[in-house]
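J.: here are the coordinates; sequence isn't available:
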C-alpha cells in the first residue's frame, strides 16, 4: 500500500490514519506484528520520530500494543478494532449526508442514492 501524504494536515495524523486503515483492512491482522518504526518511516519517507508519534496515537486508541521483547503488534481485541471501524463508518455517513444536504437532498434522498449504488436509473 502506497503512503499518500499532503501538506494540509500534520503528517503524523495522516500516518496514523493510514496505519489504522491498514489494520481495519486486515493488512496488519489482530495479533500481527507491526513493522519497526525505522522500517515504516523509511517506507513512508518520513522522520522516525514522526512515525513514532503516529504509532503512539494508535497505542492511545488501543489498536496497537507494545511488547518489550517482540515490538509492536496489532491488538488481539477484535472489539476494539470493530469499534474503530464502526466509528469511521459513522463519520463517513455523516460526511456523506452533509455533502448531500449541500446539494439540496435530505437524508432519505441520500439513502436512496446509496441503495442504487450510484447507478443511473435505466
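T.: Ah, there it is. For clarity, every value in this text was computed on a predicted model and none was experimentally measured. Numbers count the residues shown, from 1 in each chain.
J.: For residue 67, name its beta-bridge partners.
T.: Judged by DSSP bridges, the bridge partners of residue 67 are residue 71.
J.: Can you verify my assumption that it contacts residue 74?
T.: No - judged on CB atoms under 8 Å, residue 67 makes no contact with residue 74 at a distance of 11.6 Å. C-beta: built from backbone N, CA, C; applies to glycine.
J.: between the two, which one's more packed in?
T.: Counted by other CB atoms under 10 Å, residue 67 and residue 74 do not tie: residue 74 has more neighbours, with 24 against 9.
J.: so where's the chain shaky on pLDDT?
T.: Residues of the chain meeting the criterion pLDDT under 70: 1, 118, 121-122.
J.: Could I get the full set of helices for it?
T.: Assigned by DSSP state H, the helices in the chain fall at 11-25, 37-44, 48-60, 78-102, 107-115.
J.: how is this structure carved up into domains?
T.: As given by automatic domain parsing, the domain ranges for the chain are 11-76, 79-115.
J.: Deepest-packed of these, please.
T.: Greatest average neighbour count among these goes to domain 11-76 (a mean of 16), per mean count of other CB atoms under 10 Å.
J.: quick one: terminal-to-terminal distance for it?
T.: 27 Å (CA to CA, to the nearest Å).
J.: can you check stretch 4-19 too?
T.: Terminal-residue distance, stretch 4-19 (CA to CA): 11 Å.
J.: Please work out which residues outside it touch it.
T.: Applying CB atoms under 8 Å, 6 or more residues apart in numbering, the external contacts of stretch 4-19 come out as 1, 3, 28, 34, 40, 44-46, 50-51, 53-55, 57-58.
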